[in-house]
Every structure is written in structure tokens, then in C-alpha cells.
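Asker: Predicted model, plus sequence, below.
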Amino acid sequence: MRIDKIKVDGGLHLEHSFSSNNIILGGNKSGKTTFIKLILFGLGADFDDFIPEIKEFGKCESVILDFSFQALNEKYQVVRRLPKSDVVILTDLGSKEEQLLSLDEYSTFLLNKNEFNITEIAYGDNNKATLRFYFILRAMYIDQETPAYRLLADIGGREKDYINSVKQLKKEILRSLIYKVDFKKQKTILQLQYLNKKKKEVREKLLFTKDILKNQYSDLNQKNALSIKHKVREYKHIIENLKKQNHIEDIGIELANDKSYIKDINILEQEKTAIINVIQSKELNKRDMLKTQKTFEGELAVLNEKDIVRDFITNIPILVCPACSSSIRESEEGICRLCGHQIIENKTEDTLAYKRIITESLIEVRAIITSFSNEIETAKSEYKKLTKNIEKLRTTYLKNVDVNIVNQRINIIAEKIAERSAAKEYWLNCWKLMLERNLLQSKFDKLSEEINTISALILLLDNNEMANIDETLGSIASFVNRKYKDIYSDAENVVFDGDMMPIIGNKSLSEISSASEKIVIRLLVLFAYLLVSTDSNLKHPGILFLDSPRDKDLDLTRYKKIIEIVTGISGAQIFFTGSIEDIGQFPDEILIKMRDGEKILKYNATN
Amino acid sequence: MNKVSISRLDNWFQFVDAELDPYIICFKLMDALSTRLKIGLEYNRLDLIKDIASRSSGEALTSLDQSIMILRSKDLIRFEKETPIKIKLFLTDYGLTKHNELKELLNEN
């Protein structure tokens, strides 16, 4: 993120464009702090200690801030009314789209554009705070009011005093600056959730199937699916056999006393089979002939078409000489005027004999088909006659059989069939359930295995993430130590505790007696966050506001070193205010230079 | 059974490939050209015979040449040079009229 321009409207006004290093020098009460606060105000921070001209007399109407996100190639302008307003007007300078946002929405917008996760932070006894952009501003602003040992600036006025001092929040702010979202981990967690859900479903189904098997087939014992399948097949076979026996005629014949008729019927049946064979072979021959007939007819149609086309085309007079392409008049009788070529068209018919062959073959084929049809008809009528005779023979003999006995036999067989069918159904069901159970079990096992693998992976990614944060904290600590030892020759080692607060030697920041050391540590830590973040593409918005750090008892040589570090930072935007007396320590490029008595906010000429 | 009057010895092996008759090819070519009056067909003998008769033998090419000669001599088609090496065939207005007449005649039969 980069702030491009600020404009303050009203009786008191100012307008400045910004570059990477923006150094503002002036005397006491020249409005340096107000200037920084006005920028922060434009970014959504609240202040209840603006100068009276703004706070009480309303000399300034609004802050207009232009800022951009280079990575997204987007530019915005925000307008916020002074001295306090809960809404802002945000304009997309690309599309000129304007929208009115509440401070909450504006904060969400800035967090999103800077790629922060809007997380809920738990603190105290069951309290929750949602990450806001002004929390992040606290780590980007080194002010004069907040004691240096508190590291992060207190922004938001008196009403935010409590929330500003919450330890967990501070930790979360610092952590969010160096935290990189691990998309792989997020994805893996989602996958795990999905698999767990699926596993639960499969487990329920599996238990249900097992329950049914246990309750309905208590006699199952050690039987496996294969043996049950065999059982089902066995029953099927028995039922088929029983059904075969269940014909009145067959039972009747079996019960009849006179067996000689069986022989007669068998002879007739054999005759019947012979006739069927004859009919089948004739039908096949007939079908072949029909196919041949169709082929001949097709060929004949093509030949006829050819004749018509040939007739038609040969009757069209020749108008162009095929040899030289010049046109020929009819009177020239087929001799080309230009090249003398004689044009004779061959009108002789050469396919007559072939056509005759086809036509006569067709007649032959039709005759054969008719004869086949007749033969088939005769065979069929013979077949009918035979069938009738067999029927007659059967009924004659069945008359001698006792119907009651036959019926009794039939009933017995039907009962047997019903009984076996029920048993078959029972075991078939059992077999299906067992298959289902085995399938579900294997699915369940597979899912469990997959879940175990993914859980292990998540644990690994978790460790990686912790290691990443530890590594980043390590590089922050090494930067701070290097610079700290450069500024103080007797500097002790700086490490970070669990709350991400610096520990110097074995003292916390608040326990150090030297005020200048406190401010140096605070500056170095916040520089380190900015540098590490810009170096390794983490989330720091890349802006640092330093409001007159020297005012806090920093001696000149150390102050010089701090200026050296600040002006050496590349890839970030710095706003640095200081006393005009120290002008010699700063590089040549100074944004605003105010002589004694001069002020940054100027009255309109008309006033 | 009907009496067959053809001689198996003399006539049986006489075979005519009606599909490759130059006049049939004439008609098919006119058919193809009548559906693309504006674009025409590229005069590429191999492609043409493949499209029209679904074959590409020497006989087929001879038939195609003959049919193009017939059509051109009766002013039913015309050639147009698109580039020095690309020649296109088009149906003439006279050719279109004759094609329609022929189609009607075939439908009647």
C-alpha cells in the first residue's frame, strides 16, 4: 500500500504529494504531529486530541487521501470529515465509482486489500474482538504519547484505552503482520472435514447393516457370503426342477395305465421336428433370394437412371469445342471454326446386354422365391395337422386318468415350490446384506486410513507454520540485535517471549531504566517488522509513521544512526517528522521544511 | 419356372459399372455444383472423384475427365482461375436450368 497525496479542506488547509521517504521538519507547534494524525485519520483512525482549531473551531472540513495498491494496480480516494466521522466516501479512481462506507466497512476494505485475514481474537474472559485496520496502524505508527515500552501506539482516543492495552490483541497484531496464510493447510483441513463427514455416514450405514444381519440371521455363525451364494443357487435349481414336473399332461401320462400311446406320440413328435427343420431351411433360402432380388432391382434402377441421364445429356447440343474451348455455331455441323476439330459424340449404347442379363436374372429370382413360398406353405399346413393329431391323442389318453390324483400331485409340487422360493428369498437377502456389509467395511477402512494420513499431514503443516513464524521472529531478532549493538556498544541480547514482546537480557522492555534505550528498541522492533515483511513478501502494508522520535531523549549520534536506518529502508513508505534544528542530520530530499513560527496548516488567503 | 432367354456362356461375364458411367458422373457433378453455385468446386481430380463416386481408381479418373469434357462442350459448366495453380469449377446458368430439367425427368420416372 502507498499513500499518494493528502489534501485538507477548510479555513485551514494543506495539500501534499508523497514519495517513498517523506521527511517533515519544523519547529515546536508547527503541526508535525497533527499532519501525521490527519493521514492516520484518513485511514480510519480516531483521535480525540486534535488541536483546538480542528476539534473545537472546525477550521478544517475534511481530509482527502489518495492511496494505491501497486500489486493490484488500483487507486482510491477517501474523504472523511473532521474532526470525527463514522462514515467515509471511497472513490475508485479507475472506475470513478463512489461509495459511502461505515468505518467498519472501510476497515474491512483496507484489510482485504492488504490481504489480512479478518479473524476474531479471543481475549480476557470470553471476550472477542474482530481485527480492524487501526489495530494494524498501531504497529505502523511510532507516536510521542504512548510510552515506548508498550511497543505499539495507542490509537483511538480514551475510549479505546482498555482494548489498546490487551496483551493478546498486541500479540495477534504482531503475528498477523508476519503470518502467511497457508492455502495448502486450509485446503487439507477442508478435505479432512469432508472425509470425516463421509466416514460418519458410512459408519452409520455399516452399523445398520450389521444390526439387520445380527437380528434376522442369528443362525449365520461363521458362514461366508460365498457359501450363502451357493445355497441360493441350489434353491434356484430345485425350484426349476419342481416347475418342470408341474405339468398336468406329464403327471397324467405318468399316472396313466396304458403306456403304449407314448410311443405313438413320440413318432408324431419326431415328424413334427423334421418338418420344422424343413421350414427353417426353406425360409433361409427364401431370405437369400429376396436379398438377391433387392440387389438386382437396385442395379436395374441405376441402369435406368443412367439411360435417362445419358439420353438427356446427349440431346443437349455441343456449344463449345472440347479441343480449343471456342464456341461452335450449329450451322458449322460439329466442326470447330478455330481449330477444325471434328466433334462427334459417341451415342452408342453399350449396356444393353448387361441390362438384359439383370432383367432376366430378376425374373428367375422371382420365380424361385414364389416356389420357395409355396413349399413353405405346404410344410406349415402339414405341421398344423400333426400338432392337431398329437393333441387329439393326448386328450384321448388323459380321459382315462383320475383328475383328483393329478390335482393332488400338482398341489404338493406347488407347495414345495412356494416353500423353496421363500427359503431362496431369505438367503438371497442375506447374501445381498453380506455383500453390502463387506463393501461398507472396506469403504470405512479406506476412509479411516485416508483420514489418518491427512491428519498426519495437517500436523506436519502445523509444525511448518510454527517453524515459519519462529523463523521470521528469528530474523526480526537478529536485525534488532545487530542494529542495537551498533547503537549501544554494551547492548544485551534481545529475544522475543511468547507474547512476541522483546526481552532484553532478562528484562522486559518496561523494566529497562534508560528511556532512550526503550525508544531505540521500540523503533528497531517496528523497523524489523517492516523490513522482514517487505523482504519476504509478508503482510505489512509497507508504511511507517515516525513522529519526532528524538523528542524522547535520544542523543545525536544515536539519532543519526536511526535516521540512517530509516532512510536506508527501500520498498516501503516512510513518514518521518523531526525538529528543524536537526536538519543537518537528514538527507537533502526533504518534503516539508518549516521555519520557526511557520505552520503546516495554512489559512486561506481570504481569511 | 419361367424360361430364361439369356446365354450363360456368352453374356454372363459382361459387366458394366454403372456408377462410373461418365454420364452418371456428369449428373452427380452437376448435383454437387448446383448446391454451391457461388463457391464452386476446386478442380482437383483426385478429390473430386473421391467426393462424387467415393472411389479413386484409374477408371474413375478417366470417367471424370470424360464427364468434364462432356459438360464443358455443352456449356453446362465453366472454369475460373482463382490463382495461377488453383482452378475452380462452376455451374453455368444454362447448366443450372438443364440440371433442374433432368432432375424433374428422373423424379417422374
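Answerer: Thanks, I have the structure now.

Asker: Report whether stretch A:289-304 contacts chain B.
Answerer: Yes: Stretch A:289-304 is in contact with chain B by C-beta under 8 Å from any C-beta of the partner chain, via A:299, A:302-304. In this view, the C-beta of every residue, glycine as well, is placed from N, C-alpha and C.

Asker: residues in contact with the most centrally placed residue in chain B?
Answerer: Central residue of chain B (C-alpha atoms, centre = their mean): B:Ile25, 1.7 Å from the mean position. When contacts are counted by C-beta atoms under 8 Å, 6 or more residues apart in numbering or on different chains, B:Ile25 touches B:52-53, B:63-64, B:66-67.

Asker: go on, A:Leu526?
Answerer: With C-beta under 8 Å, 6+ apart, A:Leu526 has these contacts: A:139-140, A:142, A:151, A:544.

Asker: again, only using 10 Å
Answerer: A:138-142, A:151-153, A:174, A:177, A:480, A:540, A:544-546 (C-beta atoms under 10 Å, 6 or more residues apart in numbering or on different chains).

Asker: nearest to chain B, of these?
Answerer: Chain B has its nearest neighbour among these in A:His540, at 66.0 Å by C-beta to the nearest C-beta.

Asker: Identify the spatial nearest neighbour of the closest one, chain neighbours not counted.
Answerer: With C-beta to C-beta, 6 or more residues apart in numbering or on different chains as the criterion, A:His540 has its nearest non-adjacent residue at 3.3 Å, and that residue is A:Ser533.

Asker: after the host helix or strand of that neighbour, next one along is what?
Answerer: In this structure, A:Ser533 sits in helix A:515-535 according to DSSP states H and E. Later in the chain than helix A:515-535, the nearest helix or strand by DSSP H and E is strand A:543-547.

Asker: Just the ones of the contacts of A:Leu526 in strands?
Answerer: A:141-142, A:544-546 (DSSP state E).

Asker: Break chain A down into its structural domains.
Answerer: Domain assignment for chain A by automatic domain parsing gives A:2-179+A:488-603, A:257-400.

Asker: for those domains, which one ends up most surrounded?
Answerer: domain A:2-179+A:488-603 (a mean of 17; mean count of other C-beta atoms under 10 Å in any protein chain shown).

Asker: that older thread, what is the nearest of the contacts of A:Leu526 to A:Val403?
Answerer: A:Leu177 (101.8 Å; C-beta to C-beta).

Asker: That closest one contacts A:Phe116, correct?
Answerer: Yes: with contact defined as C-beta atoms under 10 Å, A:Leu177 reaches A:Phe116; the gap is 8.9 Å.

Asker: Which neighbours do these two have in common?
Answerer: A:136, A:539, A:541.

Asker: Among these, which has the minimum pLDDT value?
Answerer: The member of these with the lowest pLDDT is A:Lys539, and it reads 74.

Asker: My guess is that one contacts A:Phe116. True?
Answerer: Yes: A:Lys539 is in contact with A:Phe116 according to C-beta under 10 Å; the separation is 6.0 Å.

Asker: Report the set of residues contacting both of the two.
Answerer: A:136, A:176-177, A:179, A:181.

Asker: What lies in contact with stretch A:265-279?
Answerer: Against stretch A:265-279 from outside (C-beta under 10 Å, 6+ apart): A:253, A:375-380, A:382-387, A:389-390, A:393-394, A:397.

Asker: In helices, which of those residues appear?
Answerer: A:253, A:375-380, A:382-387, A:389-390, A:393-394, A:397 (DSSP state H).

Asker: Just the helices from the chain, written as ranges.
Answerer: You didn't pick a chain, so chain A it is. Going by DSSP H, chain A shows helices at A:32-42, A:52-55, A:103-113, A:133-138, A:161-164, A:167-178, A:183-216, A:225-245, A:248-255, A:260-314, A:352-398, A:403-487, A:515-535, A:556-568.

Asker: ah, no, chain B please
Answerer: B:8-11, B:22-34, B:45-53, B:58-73, B:93-108.

Asker: Please see if the last one touches chain A.
Answerer: It refers to helix B:93-108. Yes: for helix B:93-108, a contact with chain A is found by C-beta under 10 Å from any C-beta of the partner chain, at B:94-95, B:98, B:101-102, B:105-106, B:108.

Asker: and B:Leu91, what does it touch?
Answerer: B:Leu91 neighbours (C-beta under 10 Å, 6+ apart): B:29-37, B:40-41, B:71, B:76-78, B:97-99.

Asker: What does the pLDDT read for it?
Answerer: For B:Leu91, the predicted pLDDT is 93.

Asker: separation between the nearest residue to it once chain neighbours are set aside and chain A?
Answerer: Nearest residue to B:Leu91, sequence neighbours excluded (C-beta to C-beta, 6+ apart): B:Leu33, at 4.0 Å. The gap separating B:Leu33 from chain A is 14 Å, by C-beta to the nearest C-beta, to the nearest Å.

Asker: circling back to that earlier point, between the residues of stretch A:289-304 next to chain B, which is closest to A:Gln99?
Answerer: Out of the residues of stretch A:289-304 next to chain B, the member with the shortest distance to A:Gln99 (by C-beta to C-beta) is A:Val302, at 78.1 Å.

Asker: Could you find the closest non-adjacent residue to the closest one?
Answerer: Closest to A:Val302 by C-beta to C-beta, 6+ apart is B:Ala18, at 4.5 Å.

Asker: Where does pLDDT dip in chain B?
Answerer: B:1-16 (pLDDT under 70).

Asker: Mind doing that once more with 90?
Answerer: B:1-24, B:44-60, B:62-63, B:66, B:69-70, B:72-75, B:81-86, B:107-109 (pLDDT under 90).

Asker: Over to stretch A:152-168 now: how far is its first residue from its last?
Answerer: Terminal residues of stretch A:152-168 are spaced 13 Å apart (C-alpha to C-alpha, to the nearest Å).

Asker: pLDDT of it, averaged?
Answerer: 78.

Asker: ok, the closest residue to A:Val365 other than its chain neighbours to B:Asn109 distance?
Answerer: Among residues not flanking A:Val365 along the chain, A:Gln293 sits closest, at 4.8 Å (C-beta to C-beta, 6+ apart). Going from A:Gln293 to B:Asn109 by C-beta to C-beta, to the nearest Å gives 21 Å.

Asker: Deepest in the core, which of the helices of chain B is it.
Answerer: helix B:22-34 (a mean of 21).

Asker: Can you get me the centre-to-centre distance for that helix and its chain?
Answerer: 4 Å (C-alpha atoms, centre = their mean, to the nearest Å).

Asker: Could you write out the alpha-carbon coordinates of it in CSV?
Answerer: Extracted in CSV, the C-alpha atoms of helix B:22-34 (Å, rounded to 0.1, in the frame of the first residue of the first chain):
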residue,chain,number,x,y,z
PRO,B,22,-19.4,-40.7,-67.5
TYR,B,23,-23.0,-39.5,-67.8
ILE,B,24,-23.8,-40.6,-64.3
ILE,B,25,-20.7,-38.7,-63.1
CYS,B,26,-21.9,-35.8,-65.2
PHE,B,27,-25.2,-35.8,-63.3
LYS,B,28,-23.5,-36.2,-59.9
LEU,B,29,-21.0,-33.4,-60.6
MET,B,30,-23.9,-31.1,-61.7
ASP,B,31,-25.7,-32.0,-58.5
ALA,B,32,-22.7,-31.1,-56.4
LEU,B,33,-22.1,-27.9,-58.3
SER,B,34,-25.8,-26.9,-58.0
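
Asker: could you give the angle of it to helix B:58-73?
Answerer: Between the axes of helix B:22-34 and helix B:58-73, defined by axes from the mean of the first three to the mean of the last three C-alpha atoms, to 10 degrees, the angle is 70 degrees.

Asker: That'll do, ta.
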